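# Have a look at this prediction, sequence included:
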Amino acid sequence: MPSRLAVLASGRGSNLQAIIDHFDNIARERVAKVALVASNRADSPALIRAATASIDIAHFDGADDGTQLLALLQKFRIDLVVLAGYLKKIPSTVIREYAGRIMNIHPALLPAFGGEGMYGARVHEAVIAAGAKESGVTVHLVDDDYDRGSILAQWRVPVEKSDTAESLAARVLNVEHIVYPRTVEMVAMLQQLESKTSS
Ligand code: GAR
């Protein structure tokens, strides 16, 4: 049985699209399927992308204590939670219930340029302001601390002298679209292996 993914997204949803496209494939659809796309923003373009791909969508209150999100994840029998541009903290009730099964992508080489308030353009502005010669992509497990969970994958991206936050963001985003779906696939495969060996 494919792992059932919930993708949580607040914004544009380009990583969500890369994940949808990756698993829309006869071999990979056995590994995982996007069963739910949920957002704290009812007007998130990510929800439109999901609806276009005939994936169930839901809106929940990002300020809730986790009761709403957990009920959604349980209702859709979710195995793996994938944060793709979801910027709110995941409540600890959900983290406890889904320990080791929530992952996030960050547009820099963690632990550098991470933490609360570091998202989107702010990350790339900070990388350029620090004069860093390289940045990159990090996929990590989510725990109670912002951007501190175990690192699953990283890929380096050069920072050019002429870069603006926009040009660096675009270079990093291209790499995110390659790294994230493949890391999700790897985790889903390992999860299936684990459930086979433990049953
Ligand atoms: C991505 O660059 C992602 O790495 C970043 O938000 C963007 C979402 O784009 N996430 C963070 O900064 C988390 N700290 P998308 O909506 O097009 O996937």
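Ah, there it is.
# alpha carbons only for contacts and neighbour counts from here, please
Noted.
# Contacts made by the helix or strand hosting residue 17 with the rest, please.
For residue 17, the host element (DSSP states H and E) is helix 14-23. Identification of contacts with helix 14-23 by CA atoms under 8 Å, 6 or more residues apart in numbering yields 7, 9, 28-29, 32-34, 46, 49, 53, 84-85, 176-178, 180-181.
# are any of the residues you listed buried, and which?
By neighbour count, with 16 or more other CA atoms under 10 Å, the contacts of helix 14-23 hold 7, 9, 29, 32-34, 46, 49, 84-85, 176-177, 180-181 as buried.
# ok, which pair from these is furthest apart?
Largest separation among those by CA to CA: 29 and 85, giving 23.1 Å.
# quick one: stretch 14-25 near the ligand?
Yes. Against the ligand, stretch 14-25 shows contacts by CA under 6 Å from any ligand atom at 14-16.
# again but with stretch 100-110, I slipped
Yes. Using CA under 6 Å from any ligand atom, we find that stretch 100-110 touches the ligand at 105-107.
# follow-up on the earlier one: want to try CSV for the buried ones among the contacts of helix 14-23, with distance to residue 147 as columns?
Shown next, in CSV, are those (distance: CA to CA, whole Å):
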residue, distance to residue 147
7, 17
9, 16
29, 29
32, 24
33, 25
34, 23
46, 22
49, 26
84, 13
85, 13
176, 16
177, 19
180, 16
181, 19
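# what about residue 10, how many neighbours?
Here the count is done by other CA atoms under 10 Å, and residue 10 has 22 residues near it.
# should've said residue 158
For residue 158, using other CA under 10 Å, the count is 14.
# quick revisit: just the buried positions in the helix holding residue 17, please.
14-20, 22-23.
# Likewise for stretch 109-116?
So stretch 109-116, judged by 16+ other CA under 10 Å, has buried residues 109-110, 113-114.
# Can you tell me which of those residues is closest to the ligand?
The closest of the buried residues of stretch 109-116 to the ligand turns out to be residue 114 (CA to the nearest ligand atom; 6.9 Å).
# Just confirm the closest one contacts residue 147, I think it does.
Yes. Taking CA atoms under 8 Å as the definition, residue 114 is a contact partner of residue 147 at 5.9 Å.
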